[in-house]
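S.K.: Pasting the sequence and the predicted coordinates here, then a few questions.
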Amino acid sequence: MNLVKVYKKLYLSFGPQYWWPAESPFEVMVGAILTQNTSWLNVRKAINNLKQHKLLTARKLYKIPEKKLALLIKPAGYYNIKAKRLKAFLDFLFKHYRGEIQHMLHANIPTLRRQLLSVKGIGPETADSILLYALEKPIFVVDAYTKRMLARHNLIKEDAPYEKIQKLFMRNLKKGVKLFNEYHALLVKLGKDFCHKSKPKCDICPLK
DNA sequence: GACCAGGCACATC
DNA sequence: GATGTGCATGGT
C-alpha cells in the first residue's frame, strides 16, 4: 500500500481533523513545545492557564520570569525544562524577528528550519510543527505515531531516522500545506485510537 | 499501580 | 555512531 492510498483510507475513515487546535499561530508554537512527549489533554490545561492569566502573547511570555512560567505550565509535565525551552524560543523570536511572528514569514523555509533547530529544546518535530501549522509552510511533520504506523506496515525500519521518513512522505505526495496538515493530523488520530504502543497487533486497523 | 503521551538534550561507552 | 537516561503531569 502506498502513502497516497494510506491517506485516502485515513480520510475516508476519520474525515477532516481541523488542525492545529489553536486560536493563533503563536498558540501553535507554544503548544508545539508543550506537547513534546506529552498528551494533548495535559497541554490544553497548561495553555488554558496561560490564557486565563492573559499571558499567551510573545511579549508577555518574554517578560515573565521563567519560574512563574514553569508553574503556569505545570500540568503539561517536564515543566521546568519546558519553561526553559519556551524562553529559549522567545529569546530567538525577539532576537531575530523583533518578537513578531509575521516577520518570520519573510524568511525562506530552509533558513527558518535551520534557525528553529538551533534553539535549545526545538528538535525536528517541533520545528516542523511550527513551520507547517503556525507558518503554513509545506513541510511534513513526523512523529512517534507516524513512525509506528510505517514500521508496523513494514514501510520503514523501526529505527529509521527522522529526515528519512520525512523525505519518504515529501517525495511521494504532492507538495502542499493542506495535504501535509491533514495527513499528519490523521496519523495522530490513527495512533491515538488504534495504533497503540503496547499492542503490536491490531485486528481492527482501518488501514487493513 | 503500571503504562503511556503529538521529544529533546546530554552523558557515556 | 549507537545506546541509555532525565525530564513530570495526568488519563486509562
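M.R.: Looks like it arrived, so ask away. Residues are numbered from 1 along each chain as shown, chains lettered A, B, ... in the order given.
S.K.: any idea how far whichever residue of chain A sits closest to DNA strand B lies from A:Asn49?
M.R.: Closest residue of chain A to DNA strand B, CB to the nearest atom of the strand: A:Gly123 (2.1 Å). To be clear about C-beta, it is placed using only N, CA and C from the backbone, and glycine gets the same treatment. Distance, A:Gly123 to A:Asn49, by CB to CB, to the nearest Å: 24 Å.
S.K.: When those two are compared, which one has more neighbours?
M.R.: A:Asn49 (17 against 13; other CB atoms under 10 Å).
S.K.: correct me, but the more buried one touches A:Pro75?
M.R.: Yes - using CB atoms under 8 Å, A:Asn49 makes contact with A:Pro75 at a distance of 7.1 Å.
S.K.: Spell out the residue ranges of the helices in chain A.
M.R.: A:3-14, A:25-34, A:40-52, A:58-63, A:66-72, A:79-97, A:101-104, A:109-117, A:124-129, A:144-152, A:162-172, A:177-193 (DSSP state H).
S.K.: What are the buried residues along the first one?
M.R.: Under the neighbour-count criterion of 16 or more other CB atoms under 10 Å, helix A:3-14 has A:6-7, A:9-10 buried.
S.K.: Can you tell me how far the residue most central in space within chain A is from A:Lys147?
M.R.: Geometric centre of chain A, nearest residue: A:Ser129, 3.6 Å, by CA atoms, centre = their mean. Separation of A:Ser129 from A:Lys147 (CB to CB): 15 Å.
S.K.: And for the residue in chain A positioned nearest to DNA strand C, nearest residue in space, chain neighbours not counted?
M.R.: As assessed by CB to the nearest atom of the strand, DNA strand C sits closest to A:Gly77 within chain A, at 2.5 Å. Closest residue to A:Gly77 apart from its sequence neighbours, by CB to CB, 6 or more residues apart in numbering: A:Thr38 at 5.2 Å.
S.K.: Can you read off the pLDDT for the residue of chain A closest to DNA strand B?
M.R.: A:Gly123 is assigned 98 on the pLDDT scale.
S.K.: In contact with the nearest residue to it once chain neighbours are set aside, which residues are there?
M.R.: Among residues not flanking A:Gly123 along the chain, A:Leu117 sits closest, at 7.2 Å (CB to CB, 6+ apart). By CB atoms under 8 Å, 6 or more residues apart in numbering, the contact list for A:Leu117 reads A:123-124, A:127.
S.K.: need the residues of chain A near DNA strand B, please.
M.R.: Contacts of chain A with DNA strand B, taken as CB under 7 Å from any atom of the strand, map to A:19-21, A:31-32, A:35-40, A:42, A:77-78, A:81, A:119-127, A:129, A:133, A:143-145, A:162, A:188, A:191-192, A:196-198.
S.K.: Buried ones among these?
M.R.: When the residues of chain A next to DNA strand B are checked for burial by 16+ other CB under 10 Å, the buried set is A:19-20, A:31-32, A:35-36, A:38, A:42, A:77-78, A:119, A:121-122, A:124-127, A:129, A:133, A:143, A:145, A:188, A:191.
S.K.: mind checking pLDDT for A:His53?
M.R.: At A:His53, pLDDT is 98.
S.K.: And for it, the neighbour number?
M.R.: Per other CB under 10 Å, the neighbour tally for A:His53 reads 12.
S.K.: Cheers, nothing more for now.
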